[in-house]
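1. A predicted structure for the sequence below; I have some questions about it.
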Number of protein chains: 4
Amino acid sequence: MDKPCFIQSSEPVLERPIFVLGLSGFGNVGKIAIHLLIKFCGAKPFAELYSPSFPDCVIVNSKGICHMPHYEFYAAHMEKNDFLIMTGDTQPSFDDVVAHYMLCGEILDFVEKKRCSFIVTIGGAPITEEKAQVYVAATSPRLALEFMEKGAALYSKGRIVGATGLMLGLARERNLEGVCLLGATSGIRADRGAGFSVFKFLMKALGNEVKEGL
Amino acid sequence: MDKPCFIQSSEPVLERPIFVLGLSGFGNVGKIAIHLLIKFCGAKPFAELYSPSFPDCVIVNSKGICHMPHYEFYAAHMEKNDFLIMTGDTQPSFDDVVAHYMLCGEILDFVEKKRCSFIVTIGGAPITEEKAQVYVAATSPRLALEFMEKGAALYSKGRIVGATGLMLGLARERNLEGVCLLGATSGIRADRGAGFSVFKFLMKALGNEVKEGL
Amino acid sequence: MDKPCFIQSSEPVLERPIFVLGLSGFGNVGKIAIHLLIKFCGAKPFAELYSPSFPDCVIVNSKGICHMPHYEFYAAHMEKNDFLIMTGDTQPSFDDVVAHYMLCGEILDFVEKKRCSFIVTIGGAPITEEKAQVYVAATSPRLALEFMEKGAALYSKGRIVGATGLMLGLARERNLEGVCLLGATSGIRADRGAGFSVFKFLMKALGNEVKEGL
Amino acid sequence: MDKPCFIQSSEPVLERPIFVLGLSGFGNVGKIAIHLLIKFCGAKPFAELYSPSFPDCVIVNSKGICHMPHYEFYAAHMEKNDFLIMTGDTQPSFDDVVAHYMLCGEILDFVEKKRCSFIVTIGGAPITEEKAQVYVAATSPRLALEFMEKGAALYSKGRIVGATGLMLGLARERNLEGVCLLGATSGIRADRGAGFSVFKFLMKALGNEVKEGL
């Protein structure tokens, strides 16, 4: 394997889906929120992405079975809107920045072919003051305002590192629109509360009702 | 030298050999187990692999003679099965992950041409609770079960870093089968006991008898 | 994005402009001095440069809007001389030195096409002894002397790291001339005083008068 | 600049010269010994080598003049033998191992064209027990013995990192012969004593007399 490689098992039928992504990272907020979203929507896996810039290791599951680090793509058809969802147990190694740019570019090519034009990236923000607060950064002032009206606080003057930030920045260069939603977390361990807050906020913002008991 | 380079001195005659590899690493368990295997089987060296992604240094032996870091390949014909064995005094530098993927890919190409379809990678696991325990992770549930029945404990929920993990993961992507055997070790220094335990377990699992006095 | 990419919005009319650059870095002296220069000259932005060797993050401004790390180019027409100015909120990641050489090379190609033949790079120097001192290093003894006569101290026997040094060194290899002006700073936080000192010195050296109240 | 670049100002007339190299590094032993050798032999500079894998900085000399990091080549004609000498104020960045392999390979191509077939690399070894001891590692047992008979101690069981080791290892792969001479040093600061010891030993080993007052 000398370049990124998509393995697609089926072709989902989606109508202008929203592309939502969350990876392992700060407080694992992104990955936790995405897993709640997949469960809530009954999303089905349809593709995997492997890359030689992922860490040189193998991941072993609870049954002792090995798999290479990869990203997974899921599709979900909902009443309000369709979702194309990406998650994964890894990110490219910190040393290979160019590889990360190229990988995110290939992912955007992939989701644009599936007719995504709106992107939501989910991560954690190292902010401990307010409980369960969700922060938003956006590709336009209009979008920032729209999500603030729905209850998010403005994430201003900072950097959003890794795929959570890079994917949104590169999407904006392509004239796509989107937001980054960051759950406030101490980040010391996997923060299920922060992940749930971001998931619930996203569902509310997009017009889906989530019951507390999920 | 701008890419990996195999130097093969002879062509071994092997019948569907098992590919076994162990490199320097945690507690040097892999390298120690492989050296015991080479000695036990009377395996003969037949090829070397050099790569510009190995460390930029020279290794000096006890007689003051220099050689470049490299992997060595050995062949052994045994009653129960043939072996193609790889060991070495190095691994690619941590910063060049893509190079590691490509190097492991070239090694799998090489051993597939020698008709290997089963792979055993050996390393150390930083587990100090149980003495001399051998852990197994596998490419399939059937294999994990088979090696557990022979006495290995299940290595579950974790990562196996470096060539020990990567080679097994990439092998699985090619529909090869295999296991990773990890010797529990504190890893502070070269752990001959853990290396011997893994070697003995592997021989037993494959039907070869090893006397304690080796 | 797999290579550096210039996005030019207009073509400035400049007569043999001086190329002045300052980036974020030690004490942020370079960036502060450049912002003063842009304000003083009424310089207009005309191009941006994006690169996959910039950090894999997105930068969020005070209004919560995301943009990719990039360099910005400005043009200014002044009585004494024209300026082509470059600044930015980033530098290539430390790990990718070759990318930094290539990026600086592409920038020099770009500014040479705009007929720049003299280059001024601005940064901070970790020197705390003298207040508001400006140091100079140059591509020739004649230039070093000329700027020392105008009040700079000689920066001798050391390294100037990052684009501030690399751009001047690569310019010299192309037989371009130039100087590096370093503002003495403790570098602990953004040093507006040091930035202003370098800006004022540069304007005086080039024959422009700056009033203290700027 | 996207690849290494030799700039040769003249073509020295040399008869099967010995290639001697020493760079900045541990205790600066290599660079100090080489400077003594250049002075002793009256060696003349004839080429420079620039590379985008050298650090992204500029080096400023005592007169405030900038130059890019580079290697320098010198030629000297002596009664006993000719020398082709390389030194420099830098080494490739640690992160780019492949670049270091390729750079050393291009240097060996260069010196083989000048008909060098014997190589001496000089560096420092972090050994503090014995004063002024010189250690040797070699490409063959015969050479190790020869230099031990002349007074060097054997450097056994270890690694020699950077160009000092890599160049000798790659030379051996090409069937060139050579030795690495390491001066014992604490390495805390530039160790002129260790540099002089290695220089004096090399001259003695090659049959040149050095007076103490140099």
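-> Thanks, I have the structure now. Note that this is a predicted model, so its numbers are computed, not measured. Numbering: from 1, shown residues only, chains lettered A, B, ... in the order given.
2. Go through chain A and flag its longest helix.
-> Secondary structure of chain A per DSSP state H: the longest helix is helix A:97-113.
3. The residue nearest to residue A:209 when sequence neighbours are not counted: what secondary structure?
-> In space, and not counting its chain neighbours, residue A:209 is closest to residue A:203: 7.3 Å by C-beta to C-beta, 6 or more residues apart in numbering or on different chains. Any C-beta I mention is one placed from the backbone N, CA and C, and that applies to glycine too. Assigned by DSSP: H, G, I helix; E, B strand; the rest coil, the conformation of residue A:203 is helix.
4. Could you count how many residues lie near residue A:203?
-> When counting by other C-beta atoms under 10 Å in any protein chain shown, one arrives at 19 neighbours for residue A:203.
5. List the contacts of it.
-> Neighbour list for residue A:203: A:37, A:40, A:209-210 [criterion: C-beta atoms under 8 Å, 6 or more residues apart in numbering or on different chains].
6. same thing but at 10 Å, please
-> Residues in contact with residue A:203 (C-beta atoms under 10 Å, 6 or more residues apart in numbering or on different chains) are A:36-37, A:40-41, A:78, A:80, A:209-210, A:214.
7. ok, it to chain C distance?
-> 21 Å (C-beta to the nearest C-beta, to the nearest Å).
8. who's in contact with residue A:146?
-> So residue A:146 contacts A:136, A:138, A:140, A:152, A:179, A:205 (C-beta under 10 Å, 6+ apart).
9. Same list as before, those residues that is, but in JSON lines and with distance to residue C:28 and pLDDT included.
-> Shown next, in JSON lines, are those (distance: C-beta to C-beta, whole Å; pLDDT from 0 to 100):
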{"residue": "A:136", "distance to residue C:28": "28", "pLDDT": "97"}
{"residue": "A:138", "distance to residue C:28": "27", "pLDDT": "97"}
{"residue": "A:140", "distance to residue C:28": "28", "pLDDT": "96"}
{"residue": "A:152", "distance to residue C:28": "30", "pLDDT": "96"}
{"residue": "A:179", "distance to residue C:28": "29", "pLDDT": "98"}
{"residue": "A:205", "distance to residue C:28": "37", "pLDDT": "94"}
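10. Tell me which other helices or strands the longest helix of chain A touches.
-> strand A:5-8, strand A:18-23, strand A:44-50, strand A:71-77, strand A:82-88, helix A:163-173 (3 or more C-beta pairs under 10 Å, 6 or more residues apart in numbering or on different chains; DSSP states H and E).
11. For residue B:53, which of those is the nearest?
-> strand A:44-50 (19.6 Å; C-beta to C-beta).
12. May I see the buried residues of that closest one?
-> A:46-50 (16 or more other C-beta atoms under 10 Å in any protein chain shown).
13. quick one: the next helix or strand after that strand near chain B?
-> Per DSSP states H and E, the first helix or strand lying C-terminal to strand A:44-50 is strand A:57-60. Yes: applying C-beta under 10 Å from any C-beta of the partner chain, one finds strand A:57-60 touching chain B at A:57-60.
14. quick one: average confidence on strand A:57-60?
-> Here strand A:57-60 scores 95 as its mean pLDDT.
15. do stretch A:19-28 as well
-> Mean predicted confidence for stretch A:19-28 is 93.
16. and it, does that touch chain C?
-> No: when contact is scored as C-beta under 10 Å from any C-beta, no part of stretch A:19-28 falls within range of chain C; the minimum is 12.2 Å.
17. what's the closest of the helices and strands packed on helix A:97-113 to residue B:20?
-> strand A:44-50 (25.3 Å).
18. so the closest one versus strand A:71-77, what angle?
-> Counting by axes from the mean of the first three to the mean of the last three C-alpha atoms, to 10 degrees, strand A:44-50 lies at 160 degrees to strand A:71-77.
19. what about strand A:44-50, near chain B?
-> Yes: residues of strand A:44-50 are located near chain B by C-beta under 10 Å from any C-beta, namely residue A:50.
20. ok so, going back, buried stuff in the longest helix of chain A?
-> The neighbour-count criterion (16+ other C-beta under 10 Å) identifies A:97-108, A:110-111 as the buried residues of helix A:97-113.
21. What residues does chain A have near chain D?
-> residue A:95.
22. Flag the shaky bits of chain A, pLDDT-wise.
-> Residues of chain A meeting the criterion pLDDT under 70: A:129-131, A:211-214.
23. and the end-to-end length of stretch A:11-23?
-> End-to-end distance of stretch A:11-23: 23 Å, with C-alpha to C-alpha, to the nearest Å as the criterion.
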